[in-house]
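> return a 3D structure for these sequence lines:
(one chain, ligands or ions: 1)
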Amino acid sequence: MKLDNSTTLFNKGQKNLVGAVNSPVRAFKSVGGVPVFIDHAKGSKIFDVDGNEYIDLVLSYGPMILGHRHKNVERSIKKALKKGYTFGASTNKEIKLAKMVCDAFPGMDKVRFVSSGTEAVLSAIRLARAYTGHNKIIKFSGCYHGHSDALLVAAGSGLATLSLPGSKGVPDDAVKNTLIAEYNNIESVTQHFDTHDDIAAVIIEPIAGNMGVIEPSQEFLQQLRALTLEKGILLIMDEVMTGFRSKFGGAQELLGVEADITCLGKVIGGGFPVGAYGARNEIMEMVAPLGDMYQAGTLSGNPIAMASGIATLKQLKKQKPYKSFHKKATKIKDMLLSSAEKYGVDLKVNHFGSMINPFFTSQEVTDFKSAQSSNTESFKVFFWQMMEHGVFLPPSQFEAWFLSSALDKKDMKKIENAIDFSMAKVAEKQKIK
Ligand code: KE4
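Prediction:
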């Protein structure tokens, strides 16, 4: 496939941008080759600067759940633009989106909008510490909660992609209160409860999406909830990725577990920078200006972003796409597994709602360690073949694929053909080894 213009831009971008990207995963380091530069997108399709057309299963890592430039969302954005871009004062749109979000999360009385998932999570951690008076936090290896210092340990997403254990520039002091546990392993959590009496919170992705997709066992999450309640430790659910993806609201309800604090992002901004954290009144009333926990932001609750978020959630309510998401994801899982069987490739596929991804391994993938058993060389071959056949995947074994409600039957057929060609190539490469 022709990538001349992407190559030119990639080289040109090296001068003033770090690696020619503004987020590491976009550099395609783990799959090699030239990262594609995008010209435009519409519906389920995305077009690079060389005119190559792809079915988009990245969706900007989640936000574009309706597909690109949904007509109702675009109409709302244009209307909002005519009123001005940002005021440094409140607007009715923030109240409207806040009500939509709180109505969708039973445990949430109040929400605070910020400008990214990272900002939502770092604020939630500060709030948990303020509310409990304790400092320690437990996170799970392979989960990614944005790039704030305290959480950049044993993280998934870009750190797993680049095989980085953590990040340079994070002082030991910043992570001395961060304890690590293993996903789906309750003993790895209770051992910390038995050792420390100053734990403020446990933070978890209710469905992990940053080590590839990994579902928690029902029992694990319920035990986690029961134990944190018993010990007066807050449970923070990071639904930045899962929020509004598997149902209208959070994955936590589907899993029968209610968080004390919920973090959101991606979908609630409909493509514009929005993050949020929310909880019951007694917790949220600690946040300034009501309480003494400080957090602020110039563009928090930006009216254009609010308009986009309101229109996106309105469309999700109207479309009710969740059964169809599950059906499409199940279909793609079957396509992957049957082509792997046909060509004798070891493959496991995990999916939840509209998130899915394959692992080139014979092991069940239930935690970060088993996810890392996946053959990333095979993923690299698979990735580029899928690109050649017009399907844009996240350029990393440890990123979830996302489905949009704009995907149609023709797209699904094209995905099936692409999977067959790509799996054949993986098998061929594996045989040569
Ligand atoms: P942002 O700061 O990137 O908006 O959100 C951070 C974040 C927090 N929590 C979860 C569960 C997340 O998945 C993320 C961000 N997700 C990654 C993709 N896995 C964003 C893509 C990127 O880093 O370029």
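> mind checking how far whatever residue of the chain ends up closest to the ligand is from residue 398?
Scanning the chain for proximity to the ligand using CB to the nearest ligand atom identifies residue 117 as nearest, at 2.3 Å. Where you see a C-beta, it was placed from the backbone N, CA and C, and this is true even at glycine. Separation of residue 117 from residue 398 (CB to CB, to the nearest Å) stands at 17 Å.
> and residue 380, by the same measure?
13 Å.
> neighbour-wise, which of those two wins?
residue 398 (31 against 21; other CB atoms under 10 Å).
> next, count neighbours for the nearest residue to that one once chain neighbours are set aside.
The spatially closest residue to residue 398, leaving aside those adjacent along the chain, is residue 160, at 4.2 Å (CB to CB, 6 or more residues apart in numbering). For residue 160, the neighbour count with other CB under 10 Å is 24.
> what score does residue 160 have for pLDDT?
Among the per-residue scores, residue 160 holds a pLDDT of 73.
> element containing it?
helix 158-161 (DSSP states H and E).
> before we move on, what about residue 194?
Here residue 194 is assigned to helix 187-195, by DSSP H and E.
> now the element after that helix, going C-ward?
Scanning onward from helix 187-195 (DSSP H and E), the first element met is strand 199-204.
> and that next one, how far out from the chain middle?
Its chain's C-alpha centre and that of strand 199-204 lie 19 Å apart, by CA atoms, centre = their mean, to the nearest Å.
> what does that strand rub up against?
Applying CB atoms under 8 Å, 6 or more residues apart in numbering, the contact partners of strand 199-204 are 121, 124-125, 128-129, 131-140, 143, 145, 151, 179, 181, 183, 189, 192-193, 216, 221, 224, 228, 231, 233-238, 260-261.
> same question, stretch 399-409
25, 43-44, 55-59, 61-62, 64-68, 70, 157, 161, 209-210, 212-213, 241, 245, 319, 321, 324-325, 328-329, 332, 354-357, 393-394.
> swap the cut-off to 6 Å and go again
Applying CB atoms under 6 Å, 6 or more residues apart in numbering, the contact partners of stretch 399-409 are 43-44, 57, 59, 62, 64-67, 209, 213, 319, 321, 325, 328, 354-357, 393.
> can you narrow those down to the ones near the ligand?
residue 209 (CB under 6 Å from any ligand atom).
> so how do I select the buried members of the contacts of stretch 399-409 in PyMOL?
A single PyMOL command selects the buried members of the contacts of stretch 399-409 (16 or more other CB atoms under 10 Å):
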select buried, resi 43+44+57+59+62+64+65+66+67+209+213+321+325+328+354+355+356+357+393
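> in strands, which of the contacts of stretch 399-409 appear?
355, 356, 357 (DSSP state E).
> can you give me the distance of the residue nearest to the spatial centre of the chain to residue 413?
Closest residue to the average C-alpha location of the chain: residue 241 at 3.3 Å, with CA atoms, centre = their mean. Computed with CB to CB, the distance linking residue 241 and residue 413 is 28 Å.
> now residue 161
Distance from residue 161 to residue 413, by CB to CB: 30 Å.
> can you show me the helices along the stretch 301-433 of the chain?
Assigned by DSSP state H, counting those that start in this stretch, the helices in the stretch 301-433 of the chain fall at 303-319, 322-343, 368-371, 376-388, 409-432.
> okay, the ones you listed in TSV with distance to residue 173 and mean pLDDT next?
Compiled in TSV, these are given as follows (distance: least, CB to CB, whole Å; pLDDT from 0 to 100):
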stretch	distance to residue 173	mean pLDDT
helix 303-319	34	98
helix 322-343	42	97
helix 368-371	25	94
helix 376-388	33	98
helix 409-432	45	96
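> the ligand contacts on this structure?
Going by CB under 6 Å from any ligand atom, the residues of the chain near the ligand are 23, 25, 61, 116-118, 121, 144-146, 157-158, 205, 209-210, 238, 240-241, 265, 275, 399.
> in helices, which of the residues you listed fall?
117, 118, 121, 158 (DSSP state H).
> the third one: neighbour count?
Residue 121 sits with 28 neighbouring residues when counted by other CB under 10 Å.
> my guess is it contacts residue 143. True?
No - contact criterion CB atoms under 6 Å: residue 121 and residue 143 do not qualify, at 10.5 Å.
> and the closest residue to residue 166 other than its chain neighbours, what pLDDT?
Nearest in space to residue 166, with sequence neighbours left out and distances taken as CB to CB, 6+ apart, is residue 153 at 5.0 Å. With respect to pLDDT, residue 153 has a value of 84.
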